[in-house]
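> Predicted structure and sequence below. I'll ask about it afterward.
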Amino acid sequence: MSVFGPSLDTGAPVGSSVVVNRRRPGRRAGITAALAMGQIAAWRFAHAYRARAGYPHRHPPEQDPGGLGLPFEDVVVPSGQLRLPAWWIPASGAAAGPAVLLVHGWESARDRTLPNAAILHAAGIHVLTLDIRGHGANPAEELPVTTGEFGADALAGLRWLLDRADVTRVGVLGHSMGGVGALLAAAAEPRTAAAVAVSAPADPYRLTRQTFRLARLPLPGPFAYPLAWLTTHVVLEPRGHTVRSVSAARAVARFRGPLLLIHGDADQVVPIAHLRRLARSARHGRGHLDAAEPVDVLELAGAGHSWLHEIPAYRATVARFLARWLGGPLEPDAAAAAALAIEVPRQPERRHGFSAMDDEPGGFRTLVRAIRAGGTAARPSA
């Protein structure tokens with residue numbers, strides 16, 4: 001029997017599905033003990049997962065925009081009680097014009113958004129890029145970091161831009177977990193003129209399930225899905241989030257502005273099925289709206305999870321879309337041509353991941369260590 005047992009079912013009494021021989025009380029006690037142990041194991045696993053995978057490894061920025069020849073200013077963006085380090089990268093000429101917020105992904109930092117900043121700068125668009133709490137130059141967080149925090153900090157960045165006198169319209173572009181944050185922020189701020197989500201997970205249940213696969217946990221579907229449900233709720237509980245409130249699929253259904261979804265069909269971190277789910281949800285949510293509120297989708301053949309800016313179709317599509325909907329200084333086709341003309345070297349590789357469980361050898365040993373560790377497992381940010 002699986003170490004989790006059948007305890008994650010819907011909770012029907014044992015007698016409704018198990019025939020018990022009353023002349024063998026030891027057998028009934030054994031079944032009850034197995035169910036109880038399954039519940040304990042699942043609960044310990046969920047708390048171990050939260051302790052390990054809820055606290056990102058922090059990577060302070062290793063380069064600044066000046067390394068790509070971009071002008072910039074060090075700024076801070078208030079987000080609740082936090083002050084997030086950020087870069088303001090003005091467009092050439094520094095005249096009033098549109099701006100885009102860039103949101104990095106999990107275990108990343110604002111320097112990893114610089115290729116997108118270069119694309120937007122070529123298109124004549126102002127840029128703000130910040131470090132999400134618990135990431136980059138920010139201190140470690142005491143509570144787990146979730147897509148809810150990506151959304152809250154992205155919303156703070158959008159409102160910082162909207163308060164500037166030299167910004168006319170505002171858009172947002174996020175990658176991976178930052179893509180979810182971008183969608184949550186856009187749905188919460190009706191003044192968002194356009195949103196772009198790249199390689200974004202569709203909802204927290206599926207994201208958690210995918211991290212099990214990435215960690216090579218030997219969990220068959222009948223156990224993996226209820227365990228992902230439990231684990232997701234355990235991760236969200238300390239911050240008071242609900243699954244509905246941090247779901248990208250629900251956010252795109254609420255967002256009414258122009259939307260661009262981009263994904264590589266060879267993405268092994270967030271499979272392309274997430275993109276298709278997001279597109280369906282977005283189109284369903286605005287099915288009664290005018291066609292001027294589009295949902296554009298770009299599937300990149302052979303592309304993985306990261307470095308999509310190296311693909312010409314990505315650069316041209318992003319620049320054209322944002323120039324069109326933000327009213328940039330360049331016409332959409334001219335913005336696309338300018339984005340195609342630049343060269344942005346790939347940044348040095350460093351480790352990324354959704355789960356600190358990648359540090360373990362994988363397979364059954366990963367599972368057993370997580371259960372044995374329970375909620376006391378060391379946090380990677382410590």
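That came through, no problem.
> and Val270, what does it touch?
Ser176, Ser199, Ala200, Pro201, Leu207, Gln210, His263, His305 (C-beta atoms under 8 Å, 6 or more residues apart in numbering). To be clear about C-beta, it is placed using only N, CA and C from the backbone, and glycine gets the same treatment.
> Between the residues you listed, which sits nearest Trp106?
Ser176 (6.2 Å; C-beta to C-beta).
> The closest one and Val269 touch, don't they?
Yes. The pair Ser176 and Val269 qualifies as a contact (C-beta atoms under 8 Å) at a distance of 7.4 Å.
> Give me the common contacts of the two.
For the pair Ser176 and Val269, residues contacting each of them under the criterion C-beta under 8 Å, 6+ apart are Ser199, His305.
> if we can go back for a sec, taking the contacts of Val270 one by one, which sit in helices?
When helices are assigned by DSSP state H, the members of the contacts of Val270 inside them are Leu207, Gln210.
> Closest one to Tyr55 out of the contacts of Val270, please.
Within those, distances to Tyr55 taken as C-beta to C-beta reach their minimum at Leu207, with 16.1 Å.
> Excluding its own residues, what touches stretch 276-294? List them.
In this structure, residues lying in contact with stretch 276-294 by C-beta under 8 Å, 6+ apart are 183, 197, 200, 202-203, 206, 248-250, 252-259, 261, 295, 297.
> Restrict those residues to the buried ones and give me that as a ChimeraX selection.
ChimeraX command restricting those to the buried ones, with burial defined by 16 or more other C-beta atoms under 10 Å:
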select :183,197,200,202,203,206,248,249,250,252,253,254,255,257,258,259,261,295,297
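> show me where the stretch 51-200 of the chain has strands.
Across the stretch 51-200 of the chain, reading from the start of the chain, the strands by DSSP state E, counting those that start in this stretch fall at 73-79, 82-89, 97-103, 126-130, 167-175, 192-198.
> Would you format these as TSV with mean pLDDT and distance to His233 included?
Formatted as TSV, the strands of the stretch 51-200 of the chain follow (pLDDT from 0 to 100; distance: least, C-beta to C-beta, whole Å):
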stretch	mean pLDDT	distance to His233
strand 73-79	98	25
strand 82-89	98	25
strand 97-103	97	25
strand 126-130	98	29
strand 167-175	98	24
strand 192-198	98	24
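> Return the most buried member of these.
The highest mean neighbour count among the strands of the stretch 51-200 of the chain belongs to strand 97-103 (a mean of 29), with neighbours defined as mean count of other C-beta atoms under 10 Å.
> Which other helices and strands does it contact?
Strand 97-103 is packed against helix 114-122, strand 126-130, helix 147-162, strand 167-175, helix 177-188, helix 312-326, with contacts defined by 3 or more C-beta pairs under 8 Å, 6 or more residues apart in numbering; DSSP states H and E.
> Now with 10 Å, please.
Under the contact criterion of 3 or more C-beta pairs under 10 Å, 6 or more residues apart in numbering; DSSP states H and E, strand 97-103 touches strand 82-89, helix 114-122, strand 126-130, helix 147-162, strand 167-175, helix 177-188, strand 192-198, helix 312-326.
> For Gln347, find the nearest of these.
The closest approach between Gln347 and any of the helices and strands packed on strand 97-103, judged by C-beta to C-beta, belongs to helix 114-122 at 7.5 Å.
> Which elements pack onto the closest one?
strand 82-89, strand 97-103, strand 126-130, strand 167-175, helix 312-326, helix 332-341.
> give me that answer again for 6 Å
Of the remaining helices and strands, those touching helix 114-122 by 3 or more C-beta pairs under 6 Å, 6 or more residues apart in numbering; DSSP states H and E are helix 332-341.
> returning to that earlier point: just checking, which of the contacts of stretch 276-294 belong to strands?
Secondary structure assignment (DSSP state E) places Ala197, Leu259, Leu261, Val295, Val297 from the contacts of stretch 276-294 within strands.
> Can you add distance to Ala341 and give the strands of the stretch 51-200 of the chain back as a markdown table?
Compiled in a markdown table, the strands of the stretch 51-200 of the chain are given as follows (distance: least, C-beta to C-beta, whole Å):
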| stretch | distance to Ala341 |
| --- | --- |
| strand 73-79 | 25 |
| strand 82-89 | 18 |
| strand 97-103 | 19 |
| strand 126-130 | 18 |
| strand 167-175 | 20 |
| strand 192-198 | 20 |
